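# Build me a structure from this.
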Amino acid sequence: MDFPEIYSFLREHFLFSMLADDELEQVAKLFQPLTLRDGEILYHADYPGRNFFLVVKGLIKLTGPDGEQASVTSKGHFGEKALWQGRDRTRTAASTGHTVVLAINKIRFEALIAAYPRIKHKIQAINHSDQLVEAKEFPWIGKEETIRFIDRKHLITFFTRLIFPLIMSLSLSVLILYFKLIPLFLIPLIVLGFSLWVLWAWIDWGNDFYLVTSDRVAWVEKVVWLYDQRKELPLKSILSANLATTQLQRLWGYGDVVVRTYTGDLTMRNAGHPQVMLDLIHDAQHQAQERYQRVESTKINQTIRSRLGLAENPDDSVEEQEGISIHSPSSGPQGAESITPLQQFINLFRSRFELNEVITYRKHIFVLLKNSWWFLLILAGLSTSLFARLVNLINFPSLEIIGFLLIADLFILGYIFVDWANDRFQITDRHIIDLDRKPFGRETKRSALLENVLSLDYERKNITQRLFNFGTVAINVGDIQLDFENVANPQLVQREIFDHYNSAVKKKEIKEADQRREDMVEFLAAYHQESSSPAANQIDEEPDPTKPTDFPEQS
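Numbering: from 1, shown residues only. Okay, here's the model as predicted:
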């Protein structure tokens, strides 16, 4: 790896994106490239820390004393904690596959971050994000999805929320102590109330997160026992990401990250490290595009070599070391799944079931009970009256009236149940569908292609929805919005929609890439066949002017 390659790599690295060309040239001279074989140990645990590393290509596995592992992929960094804290390494670093890293020793690293404090700020922000990843669980993150960065609102937003209750508490204390307008025994209650407010504000501040992953940007917000939501945008739907700050925000080093799509903006307000988040959003988009291009290049090489009968290139497997799948996902259901009448009846009462790889959701059972509880009480009253009438405990009303009211009530309950059961939300391998059918009435079906999803939001609005775990998932597909209303476990619903969206996008990309590749290979194969034919290799002789031609002369 020569100097121009090091310079080009650092130019595209988010840690050094703010450096001018002459500054970057000086920084590039500080790094030394290292090439590692598969399984080669870079350093052992309990060894002194001497270098800071950047991964250029391949994968580094960091293994702790308890066997826990972490992976550092291309454009990742590691090794700075031991340098800052002046202690030994806590984990062993080993390469996986052919790996290239850039190393800078401790003296040069300290000079680097002293000259450019923003680089140190970015590294510290990433370390803080890593701690949050270890401390928090995000079960809606996919198996092949990696969290690039987690941020919270700046700490100053927590303190600003304490200004009003602090003023109120001090004012009441003054009224008690100096003016004696309020009984003295209320002071402990005021202190207790303020303390509870501080505790609640701290928990509420700690429950809001901004995430950048390898597939999306997300905002998770939760108010304890009252409200929670998650808004997310797939990376492919993002048009731009920008930073907006006020004078106060610039003074304290925080700001708003505004992510724009065709359908609107997602504003992550008061982010603690807005510039780092902004850089990593752009970097995640760039890396996703690079991964796609590398996979496409690998596939083209494999297809061409296979068509021309050439041996496989061992370098084509390098992409899999970076966690890139070069195989097509499943193309969909392979056959219709049979279902018994009993299973069909049971599915009428289930809020989620899957049949023939089509996931169907219904509104939460709480919605059914909310719409029918009054008629259930009437049913219980009529049933009791019927029993009492039959055993002669009462002689009014007549059995005909009770029977008529009972049948009418059962008919209404049946209508409510069928109306609830007919509201279905479905995910197929290609579409999201909202079905709404009124008994004896109008049926409405709204659908959209999964690949057209631009944003996903879920929301649990109140304590009832949080207690029974249901809410609304809003799917924005451009000019329309599909709402999966009052579905059970909306976090799971949103995750499954996103997983199907990712699968649909990959299938579309693979199909288009396969077509382009086939066209290219057909052209190259035809060219290869034509160039290797005897006629193509024959040299045309110059015509002999003394010999007659086969064509008659024109008069």
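# unless I'm mixing things up, residue 69 is touching residue 63, no?
Yes - shown here, residue 69 and residue 63 form a contact pair, counting by CB atoms under 8 Å, at 5.3 Å. All C-beta spots, glycine's among them, are computed from the backbone N, C-alpha and C.
# between these two, who's got more neighbours?
residue 63 (15 against 10; other CB atoms under 10 Å).
# That one bridge partners, please.
Beta-bridge partners for residue 63, by DSSP bridges, are residue 69, residue 92.
# My understanding was that it contacts residue 94; is that so?
Yes - contact criterion CB under 8 Å: residue 63 and residue 94 qualify, at 7.1 Å.
# how about the helices in the stretch 351-500 of the chain?
365-390, 399-422, 463-468, 490-532 (DSSP state H, counting those that start in this stretch).
# Quick check: which of the ones you listed is nearest to residue 232?
In terms of CB to CB, the element of the helices of the stretch 351-500 of the chain nearest to residue 232 is helix 490-532, at 7.1 Å.
# Which strands or helices does that closest one pack on?
In terms of contacts (3 or more CB pairs under 8 Å, 6 or more residues apart in numbering; DSSP states H and E), helix 490-532 is packed against strand 227-234, helix 274-307, strand 424-427, strand 455-460, strand 470-476, strand 481-488.
# Now do the shortest one: everything it contacts.
Read that as strand 424-427. 358-362, 432-435, 450, 484, 487, 493, 496-497, 500 (CB atoms under 8 Å, 6 or more residues apart in numbering).
# how many neighbours does residue 462 have?
Look at residue 462: counted by other CB under 10 Å, it has 11 neighbours.
# got it, and residue 58?
Neighbour tally, residue 58, other CB under 10 Å: 21.
# how far away is the closest residue to residue 426 other than its chain neighbours from residue 477?
Ranked by CB to CB, 6 or more residues apart in numbering and with sequence neighbours excluded, the top spatial neighbour of residue 426 is residue 433, at 4.2 Å. Separation of residue 433 from residue 477 (CB to CB, to the nearest Å): 12 Å.
# Which one's more surrounded, those two?
residue 477 (19 against 16).
# And the more buried one, how far from residue 430?
Residue 477 is 13 Å from residue 430, where distance means CB to CB.
# and for those two, which residues touch both?
Going by CB under 8 Å, 6+ apart, residues that sit against residue 477 and also against residue 430 are residue 449.
# thinking again about what came up before, for the helices of the stretch 351-500 of the chain, which one sits closest to residue 85?
Going by CB to CB, the one of those nearest residue 85 is helix 490-532, 37.5 Å.
# got the angle between that closest one and strand 455-460?
Put simply, helix 490-532 runs at 160 degrees to strand 455-460, going by axes from the mean of the first three to the mean of the last three CA atoms, to 10 degrees.
# State the mean pLDDT of helix 490-532.
Averaging pLDDT along helix 490-532 gives 79.
# Return the distance of that helix from the chain's centre.
Between the centre of helix 490-532 and the centre of its chain there are 22 Å (CA atoms, centre = their mean, to the nearest Å).
# Burial check on residue 47, number of neighbours?
Residue 47: 12 neighbours (other CB under 10 Å).
# Thought residue 87 was touching it, still the case?
No - in this structure, residue 47 is not within contact of residue 87 by CB under 8 Å, at 10.8 Å.
# Under the pLDDT cut-off, which ranges of this protein? List them.
179-182, 305, 307-338, 525, 527-555 (pLDDT under 70).
# could you measure the residue most central in space within it against residue 268, distance?
In the chain, the residue lying closest to the centroid (CA atoms, centre = their mean) is residue 216, at 4.0 Å. Per CB to CB, residue 216 is found 13 Å from residue 268.
# Give the bridge partners for residue 243, please.
residue 257.
# what sits against the closest residue to residue 87 other than its chain neighbours?
Distances taken as CB to CB, 6+ apart place residue 49 nearest to residue 87, at 7.1 Å, with adjacent residues excluded. Taking CB under 8 Å, 6+ apart, we find residue 49 in contact with 43, 79, 81-83, 87-89, 106.
# which one of these has the most neighbours?
Highest neighbour count within those: residue 79, with 25 neighbours (other CB under 10 Å).
# Is it correct that that residue is in contact with residue 48?
No - using CB under 8 Å, residue 79 is not in contact with residue 48, being 11.5 Å away.
# what touches both of those two?
residue 89.
# ok so, going back, what is the most widely separated pair among the contacts of strand 424-427?
Using CB to CB, the two most remote members of the contacts of strand 424-427 are 362 and 450, lying 20.3 Å apart.
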